[in-house]
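K.L.:
Provided below for reference: sequence and predicted model.
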Amino acid sequence: MSFTTPIPYSLEVTMALRIGIDIACRTSHRAACADATGKLLWRNVRFHTSAEELEALWQRIPTDESDVLVVMEPTRNAWVPLAAWFRRQGARVVMVPPEQSADLRAYYNKHAKTDRLDAELLARLPVLHPDGLNQERGLGPGDPLRRAVKLRASLVRRRTTCMQRLDALLEILGPAWIVALGSDMTITVLKFLSRWPSPQQVLRLGKARLSRWLVHHTRSNWGERHAEAIVQAAQASLRLWGEDGMDFEALSADIALEAELALDLDRQIDAIEERIWDYYCEADPEQILLSV
């Protein structure tokens, strides 16, 4: 897991060198170095995220200096490999929190006519505003547990959107469909809609075969009564729209697609939940958080 903690002022003033890095996502980064008083030792050094160029940057630090503080503003995910590399060299990596960087940008833009937190400002920030720095102990989005949890949340949102679209498409067929299938959109309902999404298909399938299919896929929780309700819903749709009132073929294709997408998302969510559990067991083997 990633834990970001504030750094006390008394600890920061002991750091001999501060390297500020203005991170770029596609072009070269820029670095500046200041001493403990904020005096710039060098500036505007360009480099990319590669081991060779990072080593060349590190060579600019005097060999007798062992206390190095690297200050960065978290820019997308480009900061993650940089933070990991500098920590391996023994440097301490701190971040400017996003809400504070917005305030600093507003101030800097007013007085310096630019809204960038450039490398020079970041190198001097421990002197200008030491309480506004947070030490980054983890890898942020580089941490697999954190990344998996965020991905699961994204998948759940996408599945919810599919469910809402399915509900809206079924409304076109008529209210009897929601009554027959329910609004929960269970796995069985999604499988049914992916196979027989149109009234004509339901009527060709017939109540008897549909009933057997429902019994098998719901472990006897659904059966003849639900099959009868679905068949009646199909008949009601045809009476409502008539023979030429609706392009049922196009509508059924949309319904089947949304149902298949929802089923695929369900499978992906199940798979990532297994990964999350494995990551969590590694991070908290005694499952302390689960005991709360």
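P.N.:
Noted; the coordinates are in hand.

K.L.:
so where's the stretch 101-250 of the chain uncertain?
P.N.:
101-117, 125, 127-142 (pLDDT under 70).

K.L.:
if we go to 90?
P.N.:
101-147, 182-185, 242-246 (pLDDT under 90).

K.L.:
All the strands of it, residue numbers only.
P.N.:
Using DSSP state E, counting those that start in this stretch, the strands found in the stretch 101-250 of the chain span residues 134-136.

K.L.:
Helices of that one, residue ranges please.
P.N.:
In the stretch 101-250 of the chain, the helices defined using DSSP state H, counting those that start in this stretch lie at 119-128, 144-173, 175-181, 187-195, 199-205, 207-217, 224-241, 248-283.

K.L.:
which of those helices sits most buried?
P.N.:
Most buried of the helices of the stretch 101-250 of the chain, by mean neighbour count (mean count of other CB atoms under 10 Å): helix 119-128, with a mean of 22. For glycine as for every other residue, the C-beta is placed from the backbone atoms N, C-alpha and C.

K.L.:
packing partners for that helix?
P.N.:
strand 17-22, strand 29-35, strand 40-47, strand 68-72 (3 or more CB pairs under 8 Å, 6 or more residues apart in numbering; DSSP states H and E).

K.L.:
Between the helices of the stretch 101-250 of the chain, which one is closest to Ala78.
P.N.:
Checking the helices of the stretch 101-250 of the chain against Ala78 by CB to CB gives helix 119-128 as the closest, at 14.3 Å.

K.L.:
Export only the CA atoms of the closest one, formatted as CSV.
P.N.:
Presented in CSV, the C-alpha positions along helix 119-128 are these (Å, rounded to 0.1, in the frame of the first residue of the first chain):
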residue,chain,number,x,y,z
ALA,A,119,12.1,22.8,-11.1
GLU,A,120,13.7,25.9,-9.4
LEU,A,121,10.6,26.6,-7.3
LEU,A,122,10.3,22.9,-6.3
ALA,A,123,14.0,22.8,-5.3
ARG,A,124,13.5,25.8,-3.0
LEU,A,125,10.1,24.7,-1.7
PRO,A,126,11.5,23.0,1.5
VAL,A,127,12.7,26.4,2.6
LEU,A,128,9.7,28.4,1.4
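
K.L.:
by how many degrees do it and strand 68-72 diverge?
P.N.:
120 degrees (axes from the mean of the first three to the mean of the last three CA atoms, to 10 degrees).

K.L.:
I appreciate the help and will end here.
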